[in-house]
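[1] Turn this into a model:
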Amino acid sequence: MYGIFHGNLQFSSIPEDQYPVLLDKCYWPLLDLAREFGWPLGFEFPAWSLEVLNKIDASFVKELSQGWKDGLWEIIGSGYSQVIMPLTPARLNLENLEWGQRIYESLLGKHPKVAYVNEQVISRGLTELYGQAGYRYLFLDWDNTVAAAQLSNDLRYKPQWLKGAKIKRVGIIWNSFISFQRFQRYIHGEINLKGYIDFLLSHYHPANDRAISFYGSDWEIFDYRPGSIDAYLPVTSNQKEVSRLKELLHVLNDDHRFALISPSNVAEVLTPEGEVDVCSSSYPIPCKKQAKYNVVRWAVCGRENSKKNTLMYRTFKLLQDVESMQKAILPSTDKAVYDVSSGWKELSYFWGSDFRTFTTEEKNNIFNLGLGHLYGELTEARSKLISSLNINKEILNNEEDGFKKSVINSNNRQADKYTVMIYNPHSFEWAGYPFEFDVSFAPGQFWGPLTLETGEGCINTQNEALAFYRDGSLRKVRLVITPYLHPGQLIRPQIVPKQNNSDKIRPSNWLPCYKLKTSEVDISFLPRRGGAIGSLYFPGIAQNRLAGTISHDFYNHMELSTDQYTGHCIIFDKKYGKITDLGLVEPVMPDNPEDYPIRVPVMIRLSMPLGELWKQYFVYRNIPRVDLRYHFRFNNINPELIRLGIITFDPCSYNRRKLYLASVNGGQEIEVFPLSGANLSQSNSVDPRVSAGHCLGATEGWLAVGDDEKGVAVITNKSVLYSVPLVDYREINDLFYLRVYNSICETDETSGHFWRGHNIYDISYIGYENDLEQIRRFSNAINNGLICCQQEEV
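    Okay, here's the model as predicted:
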């Protein structure tokens with residue numbers, strides 16, 4: 001037998017002034033028992049909690065270190081903060097793990113080899129990251145994994161190797177939520193000692209050695225309830241729940257059928273032999289406990305988690321920009337403008353799960369103020385670095401990270417305030433991906449359409465969102481460009497008129513549009529259904545339509561006997577009930593499409609009970625891509641769910657046997673899940689209080705569905721408004737039903753949502769010919785973009 005006690009001062013409902021109470025009621029008593037009985041328990045803290053404990057009571061951390069050195073117990077790691085890793089980018093996850101190891105080494109003298117998987121939430125891509133951070137084994141829930149991977153029951157009694165590690169093998173030591181809940185029921189007096197011993201003996205085998213976890217959850221359960229007012233009562237020597245544990249240890253000590261070993265020693269006594277995949281197509285991100293505790297909880301439930309996670313992705317992008325520019329322009333001997341390493345540490349803290357559930361007012365304020373301060377520091381650093389880039393005239397050529405970096409002044413003329421600086425911070429070629437930015441002008445400066453001119457010619461440019469002064473000159477314009485930039489390349493194109501500057505822009509007249517065709521896209525709209533997409537074709541990818549609306553009589557199946565739309569939204573609100581955008585509208589497009597060389601806009605406006613919606617499609621000319629932008633002006637609403645940009649795939653256009661789902665869920669590698677024979681119903685409620693059953697992390701902002709020849713990717717920009725994809729898939733006779741929802745809001749018992757005013761959400765549908773790396777680059781371009789500023793901003 002073995003057990004791990006998970007300590008966490010970030011626990012959402014524990015106020016800071018109760019930290020000393022936890023030490024006295026929970027943490028110290030278990031260390032005393034471990035010394036008394038000689039049972040090598042596993043003790044785990046995120047490194048942030050250890051830092052705080054070291055400030056409150058350094059003797060406790062010293063005791064942890066000495067007891068580990070003496071072999072009295074084992075310290076288990078997890079990371080700097082308790083991050084739900086399948087929901088966060090790979091770079092953040094690796095930084096979080098490595099920062100944790102540094103602090104374990106600093107405070108405890110060495111770093112752990114066993115990691116407690118945060119909230120027991122795992123994805124395939126995380127195995128490699130744990131290995132890179134120095135972990136050999138993961139402590140992971142058996143009960144949900146066996147449901148996902150359909151493992152033989154015999155495997156639960158010994159460690160296994162995890163599939164997915166490329167550099168170092170990483171194993172599993174099994175936890176069990178059923179086992180730790182039985183232990184908690186005994187400790188809390190819900191079952192007696194005999195009942196608990198009988199449960200343990202149900203796993204005993206007289207002829208074979210077996211290992212089972214008797215506990216693997218919160219340490220803060222002994223004579224304490226998180227957030228309870230009773231915690232302020234004086235600590236007494238009469239701790240009933242600690243006494244129950246002591247009684248249990250006496251019984252187990254006297255019974256030869258039980259022996260307690262440390263978690264890592266399990267893998268030495270029972271060496272891993274087999275290799276298992278703990279994730280499956282039907283359950284790609286296993287989580288702890290019952291179905292209501294699923295990964296959606298930390299994504300878009302909780303205390304306005306979609307808004308929190310939007311801010312996190314914005315700060316993440318800003319930190320990456322600062323790191324990239326600083327690396328490009330500052331020699332290693334120069335003093336850095338910003339301490340990037342500390343920035344990753346701080347960002348890891350704010351991505352902690354407990355800011356996203358039953359968060360106290362105190363901790364919510366810490367999040368808002370602290371993240372705002374970090375964002376401000378990064379914004380200031382970014383401005384300084386942009387100034388440094390702008391005055392750098394030389395070409396820097398250094399082979400670093402496997403690619404050639406260059407900072408190029410595209411022309412030698414004196415820069416003026418209508419020159420822009422555009423920098424590619426990425427390690428890949430910016431191969432004509434669309435990028436948009438806004439620029440402003442003084443009165444009378446420009447009158448007609450604009451373009452960007454470099455020393456080598458003009459960049460393909462489109463003018464949108466025009467605003468004028470009273471004299472008719474341009475006040476502001478959104479420029480959409482498709483540049484080509486090498487990794488690390490900087491250019492300074494000048495904004496110039498496309499034609500004679502005295503030619504004024506002719507405002508578009510807007511005409512009804514029910515169908516639009518370019519060389520790469522063929523799309524139709526349903527005016528009686530809110531401008532939903534009737535059919536979506538990408539002619540250069542496939543001749544058949546790949547997505548669209550499926551009629552209610554298509555499947556001949558009662559559960560699917562409604563029209564299955566594409567390009568629409570579903571909202572449930574406590575006051576208004578179910579709301580959709582499927583009303584009567586008239587989609588319109590400009591009568592001068594020749595003035596839109598990159599993408600043609602289609603506009604729709606709807607009035608809804610909960611506010612106004614401006615819906616805008618962008619249909620691209622030379623890319624198999626359609627963008628959909630939602631611009632809501634919400635009244636004061638308390639939604640239970642908001643699902644946007646829903647897409648229904650046409651089952652007649654794909655090879656079902658070759659069908660797959662692909663994305664990235666917190667790791668560095670693409671995860672591909674074959675769909676043939678699978679069953680996913682992530683959008684369905686699993687409990688009266690829980691609106692969705694599951695989701696994908698899609699931490700790079702994309703999800704792709706395809707077969708061996710073609711597919712459609714769904715890409716969202718998480719720093720504009722964070723969402724996660726919910727996937728429904730089932731097979732019906734020779735057909736399949738496959739739909740993807742993009743959710744910005746769901747409900748569980750932790751939720752508290754309030755939406756007001758203007759909110760913008762962007763989604764892209766992109767056709768591809770079975771090249772997932774191409775989709776990955778597209779998504780990187782959409783989510784991370786170029787660094788761009790107008791000269792007068794520098």
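[2] Outline the domain layout of this structure.
    Per automatic domain parsing, the structural domains of the chain span 2-289, 305-391, 398-504, 510-784.
[3] Tell me which of those lies nearest to Ala299.
    domain 510-784 (4.5 Å; C-beta to C-beta). All C-beta atoms are positioned from the backbone trio N, CA, C, and that covers glycine.
[4] helices and strands around the longest helix along the chain, which ones?
    Secondary structure of the chain per DSSP state H: the longest helix is helix 361-391. If you count contacts as 3 or more C-beta pairs under 8 Å, 6 or more residues apart in numbering; DSSP states H and E, helix 361-391 packs onto helix 305-329, helix 340-350, strand 420-423.
[5] Most tightly packed of these?
    Ranked by mean neighbour count, these are led by strand 420-423 with a mean of 23 (mean count of other C-beta atoms under 10 Å).
[6] per-residue confidence averaged over it?
    Average pLDDT, strand 420-423: 93.
[7] So which residues make contact with it?
    Under the criterion C-beta atoms under 8 Å, 6 or more residues apart in numbering, residues 325, 386, 389-390, 437, 439, 452, 483, 485, 488-495, 786-791, 794 lie in contact with strand 420-423.
[8] Distance from the chain centre to it, please.
    29 Å (C-alpha atoms, centre = their mean, to the nearest Å).
[9] ok now the following helix or strand past it, how far from the chain's centre?
    For strand 420-423, the following helix or strand on the C-terminal side (DSSP states H and E) is strand 430-431. Per C-alpha atoms, centre = their mean, the displacement of strand 430-431 from the mean C-alpha position of its chain is 25 Å.
[10] With stretch 297-305 instead?
    In this view, stretch 297-305 has its centroid 12 Å away from the chain centroid, taken as C-alpha atoms, centre = their mean.
[11] helices and strands of this protein: which one bottoms out on pLDDT?
    Least confident helix or strand, the chain: strand 403-405 with a mean of 35, by mean pLDDT, DSSP states H and E.
[12] Same list, the domains of the chain, but as TSV with distance to Ala299 please.
    Putting the domains of the chain into TSV (distance: least, C-beta to C-beta, whole Å) gives the following:
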stretch	distance to Ala299
domain 2-289	5
domain 305-391	6
domain 398-504	26
domain 510-784	5
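[13] what's the least confident stretch among those domains?
    domain 398-504 (a mean of 82).
[14] and Ile84, what does it touch?
    Ile84 makes contact with Asn118, Glu119, Val121, Val295, Trp298, Ala299, Ser353 under the criterion C-beta under 8 Å, 6+ apart.
[15] And for it, nearest residue in space, chain neighbours not counted?
    Leaving out its chain neighbours, the residue that sits closest to Ile84 by C-beta to C-beta, 6 or more residues apart in numbering is Trp298, at 4.4 Å.
[16] The helix or strand harbouring the one you found packs against which elements?
    Element membership of Trp298 [criterion: DSSP H and E] is helix 296-299. Using 3+ C-beta pairs under 8 Å, 6+ apart, the elements in contact with helix 296-299 are helix 305-329, strand 724-732.
[17] Please repeat the previous calculation with a cut-off of 7 Å.
    With contacts taken as 3 or more C-beta pairs under 7 Å, 6 or more residues apart in numbering; DSSP states H and E, helix 296-299 sits against helix 305-329.
[18] what's the spacing between the helix it packs on and its chain's center?
    Centroid separation for helix 305-329 versus its chain: 14 Å, with C-alpha atoms, centre = their mean.
[19] helices or strands next to that helix in the packing?
    helix 296-299, helix 340-350, helix 361-391.
[20] quick one on the thing from earlier: in this structure the residue nearest to Ile84 contacts Ser353, no?
    Yes: Trp298 is in contact with Ser353 according to C-beta atoms under 7 Å; the separation is 5.2 Å.
[21] Thanks a lot, catch you later.
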